[in-house]
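Visitor: Return atomic coordinates for the entry below.
(chains A, B, C and D, ligands or ions: 4)
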Amino acid sequence: MATTTENKQQLLDNYRMMVLIRHFEERAAQLYTQAHIGGYCHLNIGEEATVVGALSTLGPKDIVFTAYRDHGHALALGSDPGAVMAELCGKATGVSKGRGGSMHLFDLEHRLYGGYGIVGGHLPLAVGAALAIQYREEDGVVMCIFGEGATNIGAFHEAMNMAKVYHLPVLFFCANNQYAMGSMPEEDSAVPEMWMKACAYDMAAERIDGMDFFSVREATRRAVERMRETREPMFLEAFTYRFRGHSMADAGRYRSQDEVREWQRRDPIQLLGRRLEEDGILDTRTREDIEKAVDEEVERATRFALESPSPETDDLYQYVYTEEDE
Amino acid sequence: MATTTENKQQLLDNYRMMVLIRHFEERAAQLYTQAHIGGYCHLNIGEEATVVGALSTLGPKDIVFTAYRDHGHALALGSDPGAVMAELCGKATGVSKGRGGSMHLFDLEHRLYGGYGIVGGHLPLAVGAALAIQYREEDGVVMCIFGEGATNIGAFHEAMNMAKVYHLPVLFFCANNQYAMGSMPEEDSAVPEMWMKACAYDMAAERIDGMDFFSVREATRRAVERMRETREPMFLEAFTYRFRGHSMADAGRYRSQDEVREWQRRDPIQLLGRRLEEDGILDTRTREDIEKAVDEEVERATRFALESPSPETDDLYQYVYTEEDE
Amino acid sequence: MATKTYREALNDALREEMHRDQDVFIIGQDVGKFEGAYRVTQGLLSEFGPKRVKDAPISETAIVGAGIGAAMAGLRPVVEFMTINFTLVAMDQIVNHAAKIRYMFGGQVSVPLVMRTPGGGGQQLTAQHSQNLEHWFAHVPGLKVVAPVSPADAKGLLKMAIRDPDPVFVLENLALYNTKGEVPDEDYEIPLGSADVKREGKDISIFAHSRMVNVALRAAERLEDEEGISAEVVDLRSLRPLDTETILNSVRKTNRAMTVEEGWATFGVGGEIVSLLMDQAFDDLDAPVKRVGGEEVPMPYSKPLERAAIPSVDRVYDVALQVLA
Amino acid sequence: MATKTYREALNDALREEMHRDQDVFIIGQDVGKFEGAYRVTQGLLSEFGPKRVKDAPISETAIVGAGIGAAMAGLRPVVEFMTINFTLVAMDQIVNHAAKIRYMFGGQVSVPLVMRTPGGGGQQLTAQHSQNLEHWFAHVPGLKVVAPVSPADAKGLLKMAIRDPDPVFVLENLALYNTKGEVPDEDYEIPLGSADVKREGKDISIFAHSRMVNVALRAAERLEDEEGISAEVVDLRSLRPLDTETILNSVRKTNRAMTVEEGWATFGVGGEIVSLLMDQAFDDLDAPVKRVGGEEVPMPYSKPLERAAIPSVDRVYDVALQVLA
Ligand SMILES: Cc1ncc(C[n+]2csc(CCOP(=O)(O)OP(=O)(O)O)c2C)c(N)n1
Ligand SMILES: Cc1ncc(C[n+]2csc(CCOP(=O)(O)OP(=O)(O)O)c2C)c(N)n1
Ligand SMILES: [Mg+2]
Ligand SMILES: [Mg+2]
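Guide: Residues are numbered from 1 along each chain as shown, chains lettered A, B, ... in the order given. Ligands and ions are numbered 1, 2, ... in the order given. Okay, here's the model as predicted:
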């Protein structure tokens, strides 16, 4: 049993983080329909185990790059929920000062090197950050998170190859939620499972159950530990499911409600909760306390976001060039 | 013995074609140093078996796309040597009317759909041509030729994946001459052999001896025959060596003369010639006749090229837009 | 005449051309089962089947490249880029292949390819998803570029693009998809390369394309209402080729001009119009021609910042008054 | 002062900056063992070793992307694109990432990246290898773009680019690598964004950048010799930011102007200069400003055709006379 050897508080924190992400995003969805949030807004709901399972294995010198579906990643890395929600609302107090919005969270302090909007576009950047780590002989690793659809674009291939050729510590972490907007891997990928693509780059690869927190965490931990030694890239595919549409604008007509319900029976938060209950770590009381605390935290974050000011239009040109800002 | 079951005349023609390519390119190299040819000029010398072995398996409905190292391919497909040499010299009588030069030979009649200058750029085009074949329910296949260096660029990956996903009859033919300008596969590719990359696309793949005409021809024939049935893409890697620099401008300081000499001992033309002699198909007399006929042909081609007129500068705008030309 | 949205007009154009010519097919991400990220291809998969409405992997390079190859082999592909921003990963195919193949191969082959995609900002889609790069394509010989603003133009120009023997880039605009207008019921032709005077006027010519034509029209109304100024709004409609005659005729009448573009004006669209007027209408100009473009920043997410970054009716109005001062 | 080729000057700049700052490294195809496709990085691998001179696979997207990521992490990468034509396969990294990262992340990180590459035609490299797209980059806020013509400028601007905290695109030119000029021995600074009057004159201002400055200078000599006309040649040197002051000052003196660019003029560089003059110097102009650019065709291979396609001294001379007529 993984949990018996675990630090219980740590597990409760992980559980709590998954609940926080879920509630945070449900609140964000509301704010979106109320037009406090605009543009594209992609939720992690259903994929919380991939987020928390993976990121909870990282140390303070590691770096994370991810795609536009990035709220959970910011929260799991320790970003202030208020600053994240403020970013979603385009406020000056947001993590990216209201310039980035939902897709472009960045938090230097917490080693989140950004959420990016071009599919596959951040993979080369992650390789570059790992190159900097190698150059400086530091011991961090880079985790680069992307969806299964991203494995079809050229940048994926070039980044994988370069990471291997240069022997760079990049963990390519593919959150396979089975949909790239409306299309499924069997329709747009030559191989049905994404880890299989790592063979072309002589990279160790593995597929794991992305709904099971422990699977994700154990596999990621093993990979990160191994990479700290080998300084070689690795590939993980977490098989998961998004419960909501691709973005808030997606009605999801390309899949059946039955299919969604089927997957919801493996809700990663419920799965972890049950396991922790079985192992005597979580009880109804603690669970309720967590829910309540999380709700309060989300409400605080929301209030902070809504009450924060928008950036001044006079500051429109701020952050274009470094020197001009100094 | 492959040759015993062979049409002897066919084999002599193949041999003759390889000699023609060799002599043609040696003449082109001279014309380059005499400034009759300019720009980039990439020779197939050393790689003739990959060219003739592969292309001799195609039928009249098949289509070929290749890279800038394309003189041999045009000749092997049946382009008039005079028109090819004229193109190298930028003449109005050239296959591409003097607009394309060495890198951009095109011969619609002989199903050469072009030599292209951007590494990997023509791979998606080949996929599209195969799509047209599928769309019209024709039975041709597309052969797409590129170097091993091209397997590192994104376009390669996207083209391979798309060909498989759409079930298109593209034969991806990698002429691995061991150098991409100055770099070798062990330096810039995560896997040492290019056929290994096909695993990421669930594509049948094989490495063959690119110096041995029979290896190339038999493997290509098998692949093409199989593709005529399956209508699925395949991958072949022909392991070969270029005896000259990357282009005429390359002094080749990144490799030793010993290495070059070592490979020249496996000169594909000599290898085939010896085999044909052993099998009683070729004798000294025939060989000399071939050499002589080829020399005359190359001289005719050269004379035609040199005596041909340049395009009129008044025609500079011809061929930009279809309607304006009509 | 029926009233249609811009989206419906495009959808009609695709449907009609697919009925007319069996060689016309659509390829792009989520054009089929998803019915188009912006629903321009709605209903086409069920009507024409997967052979003619091809969903594609996230591989813009391969998508447009396959379109080019299929066009070389004689088909009439219509490639959808989900937005113009994603042309950036496929620029080599468009510029180095689609545009040059006919020329560099001495006219042996044409590339009858249509690339259509929405551009523009205003939807809070932020820096990576709010660009206007259409004039990059218009810079390239071998390509044609159109940018319709009305449903009728959208339908007419998309149809002409599909029938054209060379690669045509059709720029749409996210903010226009739901706008409505009259669309003729019968087949009609709008030559590629023709501008259109969307509003006649005599005091100043405002040159714009795509969504900015509507902004210019609203500014023109305000100029009329508040200042009694009669502004002519010329919809460029085509960026390559440019309809220099219509542009020059307008300025020869009004003697004053300005340009409006949604993208950044520096090395942008307006400079081409200004240069044309400088060269061919210098003596007709009573005042310097001014350009209005988006603020020169990556597009910010925050709504007030985004609003400040995109040319507004007020801005056009103010600059028109400067030109008329 | 020593006489150096443009190539040597660039090589010196790289070497000196690599000595000055351990965080500066070079990455690109064949920059190491091959010593650079055009030998700009000659000798650097043996001097600095493979950690600081990194040969890369044919993966322009990954190369410049890795440069961006390394720059975000605080290094000072110098990315070599073998030629500007290959930026087309990496455009998304340059425009959607390098240029926007600082802004869209609210200034938390900078991207001190240098991208250097030769552009231009005239070597019979044909359509896919003879382009001038530098103003595409100059269109994009967040990037800086310089295009030196002399060895001294090349060295000075490359050094400044390497020291700059933001992404800078350094445009070189194949036909300039062997040209010679005086280069100061000591360290010197050329601010990014400064134009340079390469020849003083009073009758007409000729604006150009990169190799066309030399063409303009030769045309200016002929104008002087044959017509007694005194042409001022202003080397733009930087396209973003543009040195509007130097440009305007020149025209306020000469009252006539023209632009010369190697690439296609339509939606090109000249339009920006013309628009600036239109806007800020309308009353100073005695004649319309004219543009000279490459013929609007994909670059043909044939030498006579190629020569006809690229702006020549004769062409500049003739157009100058038209402006002065
Ligand atoms: C290059 C590019 N093409 C298309 C898009 C539009 N797009 C945004 S998200 C998406 C699907 C991505 O799927 P996947 O990688 O599986 O990630 P997920 O959204 O499922 O997390 C697409 C096609 C884009 N952003 N970038
Ligand atoms: C995208 C791109 N990057 C760089 C180049 C410059 N270049 C031309 S050929 C070449 C090497 C290609 O090697 P390979 O694919 O092995 O083919 P080979 O020349 O050996 O036949 C390079 C890097 C190019 N033409 N296109
Ligand atoms: Mg997905
Ligand atoms: Mg090679």
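Visitor: where does A:Phe65 land in three-state SS?
Guide: Assigned with DSSP: H, G, I helix; E, B strand; the rest coil, A:Phe65 falls in the strand class.
Visitor: neighbouring contacts of the helix or strand encompassing C:Ala161?
Guide: Here C:Ala161 sits within helix C:151-163, counting by DSSP states H and E. Outside helix C:151-163, the residues that touch it by CB atoms under 8 Å, 6 or more residues apart in numbering or on different chains are C:4-6, C:8-10, C:12-14, C:16-17, C:21, C:24, C:76, C:78, C:114, C:116, C:144, C:146, C:148, C:168, C:170, C:172, C:176, C:179-184, C:187-192, C:196, C:235, C:237-238. From N, CA and C alone the C-beta is placed, and that goes for glycine too.
Visitor: which residues of the stretch 201-325 of chain C fall in strands?
Guide: C:204-208, C:231-235, C:238-240, C:257-264, C:290-294 (DSSP state E, counting those that start in this stretch).
Visitor: just chain A next, same as before
Guide: A:63-67, A:112-116, A:142-147, A:170-176, A:205-209, A:234-239 (DSSP state E).
Visitor: can you list the ones you listed in CSV and add mean pLDDT?
Guide: Shown next, in CSV, are the strands of chain A (pLDDT from 0 to 100):
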stretch, mean pLDDT
strand A:63-67, 98
strand A:112-116, 98
strand A:142-147, 98
strand A:170-176, 98
strand A:205-209, 98
strand A:234-239, 98
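Visitor: from the stretch 51-200 of chain C, which residue is nearest to ligand 4?
Guide: Distance from ligand 4 to each residue of the stretch 51-200 of chain C (CB to the ion) is smallest for C:Asp92, at 19.7 Å.
Visitor: How many neighbouring residues does that residue have?
Guide: By other CB atoms under 10 Å in any protein chain shown, the residues close to C:Asp92 number 28.
Visitor: Which residue, neighbours along the chain excluded, lies closest to it?
Guide: In space, and not counting its chain neighbours, C:Asp92 is closest to D:Leu88: 3.8 Å by CB to CB, 6 or more residues apart in numbering or on different chains.
Visitor: What is the neighbour count of residue 110?
Guide: Looking at chain A here, since you left the chain open. 19.
Visitor: look at chain C instead
Guide: 21.
Visitor: That one reaches B:Thr322, doesn't it?
Guide: Yes - applying CB atoms under 8 Å, one finds C:Ser110 in contact with B:Thr322, separated by 4.6 Å.
Visitor: Which residues are in contact with each of those two?
Guide: C:102, C:165-166.
Visitor: any chance of those in a markdown table, plus neighbour count and distance to ligand 1?
Guide: A markdown table is the format used below for the shared contacts of C:Ser110 and B:Thr322 (neighbours: other CB atoms under 10 Å in any protein chain shown; distance: CB to the nearest ligand atom, whole Å):
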| residue | neighbour count | distance to ligand 1 |
| --- | --- | --- |
| C:Arg102 | 25 | 27 |
| C:Pro165 | 17 | 28 |
| C:Asp166 | 22 | 25 |
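Visitor: can you tell me which of those lies nearest to ligand 2?
Guide: C:Arg102 (20.4 Å; CB to the nearest ligand atom).
Visitor: Can you list phi and psi of the closest residue to A:Glu324 other than its chain neighbours for me?
Guide: The spatially closest residue to A:Glu324, leaving aside those adjacent along the chain, is A:Tyr317, at 7.3 Å (CB to CB, 6+ apart). The phi/psi pair for A:Tyr317 (degrees, to the nearest 10) reads phi -90, psi 0.
Visitor: Kindly tell me how buried A:Tyr317 is, as a neighbour count.
Guide: Using other CB under 10 Å: A:Tyr317 sits among 15 other residues.
Visitor: do the same with C:Pro50
Guide: Neighbours of C:Pro50 (other CB under 10 Å): 10.
Visitor: Check C:Lys180 too.
Guide: 14.
Visitor: wait, it sits on C:Thr3?
Guide: Yes - checked against CB under 8 Å, the pair C:Lys180 and C:Thr3 is within contact range at 5.4 Å.
Visitor: Please report how far A:Ile208 lies from A:Gln270.
Guide: 18 Å (CB to CB, to the nearest Å).
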